[in-house]
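Predicted model follows, preceded by the sequence.
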Amino acid sequence: MATGAASKRRLTILGSTGSIGRSTLDVVARLGGRDAFEMVALTGNGNVALLASQAVAFGAELAVTADETQYSELKQALAGTGIAVAAGRSGLVEAAERDAGWVMAAIVGNAGLAPTLAAAGRGADIALANKECLVSAGPLFVDAVRRGGGRLLPVDSEHNAIFQVLEGDQRHALERIILTASGGPFRTWPLAEMKGVTADTARAHPNWSMGLKISIDSASMFNKALEMIEARHLFSVAPEQIEVIVHPQSVVHSMVAYSDGSVLAQLGSPDMRTAIGYALTYPQRCSLPVERLDFTKLARLDFEAPDEARFPALRLARVAMQRGGVQGTVLNGAKEVALEAFIAGRIGFLDMAEITEAVMERLAAVPAASAMDDVFAADDEARRLAARLIG
Ligand code: NDP
């Protein structure tokens, strides 16, 4: 790790107050904190008190709340510290544009797209937790990273696992990418019982501790659906090369199958700090206090086929990939609106997939996006239609 001030790496964390953001700061602290890194910008939304304390603790140059109504509170909390303060969407982009060489993209949802694109465009290495960037803007986002010249370092545990075991010089021999899925809290529930679940039951993930929305997306397997589309763009594979397998213990984080019959897997405890640390110190491995796997205590590793009748989100991901166009954008936009409505108790758990599918059907013929404005227009239209269906 760097020691002299001149060699300190400059970091920005978009979404520092969230689950991934807090884990990232934990990793940063364990790898030397302010002695090893310069914190350029930290961003949050509603949790201004935490954002302010993080900014002070890590000596950030800039703190940004996405919520403009919280600007004065943040400004007041940081008065006299010398830390600059900004708010709103333009504030997020300002944070992303400051010259950090490594940017953690951990804002939840489509709100992360514009700032992450801004960081990619100026050539920063992007540690990507916000899968919505790839689901929604796929080829355009990958192209922006390529043109900017930075690296795209996947943080989602499955994609980070694949990134770790994908042999770059053996791409010709890659047969399948196998994404593992815990199956969530309703893995064994009958369809009839799934109808009545609430956001409180759905957020209780059996293995991972995560933000509210991704926890519910895991329960509906929309999270896996997004990950399938994410994998397609991240690793340039065809839809039929992406397989999902349910693995309730979440120990095998994902696998790559090659043409000689070999399958390479990455295993570990379910702790996002491993993936975050790998993205932060890549291509080196760092030292982290995550729980070690004890194979003598692992009673068993189970694998089962996913049930697409109870978890239609997986089928919708395949439909979106096969149709192409802006179907990934539409799936994500409609799903986000349906998810908000489910959290608010306005629709049922299974309605989320029904509404998303209905919106995808209506926008099935919209051609592929040739510019980001097309992505934003398709996202807006998908949200509008989903909101109308919800009523
Ligand atoms: P959280 O909900 O815990 O945190 C989200 C972050 O985004 C917070 O900093 C939050 O601010 C901020 N935020 C919320 N709304 C907005 C908005 N409109 N504009 C700008 N910022 C906003 O989410 P997670 O950390 O769980 O997830 C972040 C991303 O990482 C998601 O895309 C998720 O899919 C992905 N991911 C998460 C994993 C996990 O283990 N948690 C695993 C793999 C991927 P505040 O808290 O201040 O309101």
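Cool, got the structure. These numbers were taken from a predicted model, which means no experiment stands behind them. Residues are numbered from 1 along each chain as shown.

Do stretch 39-46 and the ligand come into contact?
Yes - using Cβ under 6 Å from any ligand atom, stretch 39-46 reaches the ligand at 44, 45, 46. Quick note: C-beta positions are derived from backbone N, CA and C, even for glycine.

would you list every one of the strands in the chain?
Applying DSSP state E to the chain gives strands spanning 9-14, 37-44, 62-65, 84-87, 102-105, 125-128, 152-154, 174-181, 242-246, 252-258, 263-267.

Next, format the ones you listed as a markdown table and append mean pLDDT and mean neighbour count.
Converted to a markdown table, the strands of the chain look like this (pLDDT from 0 to 100; neighbours: other Cβ atoms under 10 Å):
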| stretch | mean pLDDT | mean neighbour count |
| --- | --- | --- |
| strand 9-14 | 98 | 26 |
| strand 37-44 | 98 | 26 |
| strand 62-65 | 98 | 27 |
| strand 84-87 | 98 | 21 |
| strand 102-105 | 98 | 28 |
| strand 125-128 | 98 | 27 |
| strand 152-154 | 98 | 23 |
| strand 174-181 | 98 | 22 |
| strand 242-246 | 98 | 19 |
| strand 252-258 | 98 | 22 |
| strand 263-267 | 98 | 16 |
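
In a markdown table, list those along with distance to residue 188.
Output for these, formatted as a markdown table (distance: least, Cβ to Cβ, whole Å):
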| stretch | distance to residue 188 |
| --- | --- |
| strand 9-14 | 37 |
| strand 37-44 | 37 |
| strand 62-65 | 41 |
| strand 84-87 | 45 |
| strand 102-105 | 34 |
| strand 125-128 | 32 |
| strand 152-154 | 30 |
| strand 174-181 | 14 |
| strand 242-246 | 10 |
| strand 252-258 | 19 |
| strand 263-267 | 24 |
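
residues touching residue 215, list them.
202, 203, 204, 205, 208 (Cβ atoms under 8 Å, 6 or more residues apart in numbering).

same question but for residue 213, I mixed them up
108, 109, 339, 343.

For residue 129, grab the count of nearby residues.
Residues near residue 129, counting by other Cβ atoms under 10 Å, number 34.

Buried ones among the contacts of residue 215?
Neighbour counting with 16 or more other Cβ atoms under 10 Å marks 202, 203, 205, 208 as buried within these.

my guess is the third one meets residue 181, correct?
No - with contact defined as Cβ atoms under 8 Å, residue 205 and residue 181 do not form a contacting pair (11.5 Å).

Looking at the stretch 101-250 of the chain, what residue ends up closest to the ligand?
Closest contact between the stretch 101-250 of the chain and the ligand, by Cβ to the nearest ligand atom, is at residue 211 (2.6 Å).

Skip the chain neighbours and tell me the closest residue to that residue.
Leaving aside its sequence neighbours, residue 211 sits nearest to residue 19 (Cβ to Cβ, 6 or more residues apart in numbering; 4.5 Å).

Quickly name whichever of the buried ones among the contacts of residue 215 is closest to residue 33.
residue 208 (25.4 Å; Cβ to Cβ).

and the nearest residue in space to that closest one that is not next to it in sequence, what does it touch?
In space, and not counting its chain neighbours, residue 208 is closest to residue 270: 5.1 Å by Cβ to Cβ, 6+ apart. When contacts are counted by Cβ under 8 Å, 6+ apart, residue 270 touches 157, 207, 208, 250, 251.

Farthest-apart pair in those, please.
208 and 251 (12.0 Å).

neighbours around the residue nearest to residue 260 when sequence neighbours are not counted, how many?
Closest residue in space to residue 260, ignoring its immediate chain neighbours: residue 173 at 6.8 Å, by Cβ to Cβ, 6+ apart. Using other Cβ under 10 Å, residue 173 has 13 neighbouring residues.

pretty sure residue 173 contacts residue 259?
Yes - contact criterion Cβ under 8 Å: residue 173 and residue 259 qualify, at 4.4 Å.

so does stretch 286-301 get close to the ligand?
No - Stretch 286-301 stays clear of the ligand (Cβ under 6 Å from any ligand atom), getting no nearer than 13.2 Å.

Near the ligand, which residues of the stretch 151-300 of the chain? Just list them.
Residues of the stretch 151-300 of the chain lying near the ligand (Cβ under 6 Å from any ligand atom): 156, 208, 210, 211, 212, 213, 214, 272.

hmm, 8 Å instead?
155-157, 208-215, 217, 223, 226, 272, 275 (Cβ under 8 Å from any ligand atom).

What's the PyMOL syntax to select whichever of those are buried?
Here is the PyMOL command that picks out the buried ones among these, judged by 16+ other Cβ under 10 Å:
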select buried, resi 155+156+157+208+210+211+213+214+215+217+223+226+272+275
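
how about the residue in the chain positioned nearest to the ligand, what does it touch?
The chain approaches the ligand most closely through residue 18 (1.9 Å), counting by Cβ to the nearest ligand atom. Applying Cβ under 8 Å, 6+ apart to residue 18 gives the contacts 44, 106, 107, 108, 211.

repeat that with 10 Å
24, 43-45, 47, 50, 106-108, 129, 210-214 (Cβ atoms under 10 Å, 6 or more residues apart in numbering).

One more: residue 170?
256, 258, 259, 260, 262, 264.

Next one: it from residue 161, what distance?
According to Cβ to Cβ, to the nearest Å, residue 170 and residue 161 sit 16 Å apart.

Tabulate the buried ones among the contacts of residue 215 in a markdown table, adding columns for pLDDT.
Putting the buried ones among the contacts of residue 215 into a markdown table (pLDDT from 0 to 100) gives the following:
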| residue | pLDDT |
| --- | --- |
| 202 | 95 |
| 203 | 93 |
| 205 | 83 |
| 208 | 83 |
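
These in helices, which ones?
residue 202 (DSSP state H).

which phi and psi does the residue located most distally from the centre of the chain have?
Computed with Cα atoms, centre = their mean, the residue of the chain farthest from its C-alpha average is residue 80, at 34.6 Å. Note on residue 80: its backbone torsions stand at phi 80, psi 0 [degrees, to the nearest 10].

what residues are up against it?
Residue 80 touches nothing, counting by Cβ under 10 Å, 6+ apart.

and the gap between it and residue 17?
21 Å.

List the contacts of residue 331.
135-136, 222, 225-226, 229, 313, 316-317, 319-321, 323, 356-357, 359-360, 363, 382.
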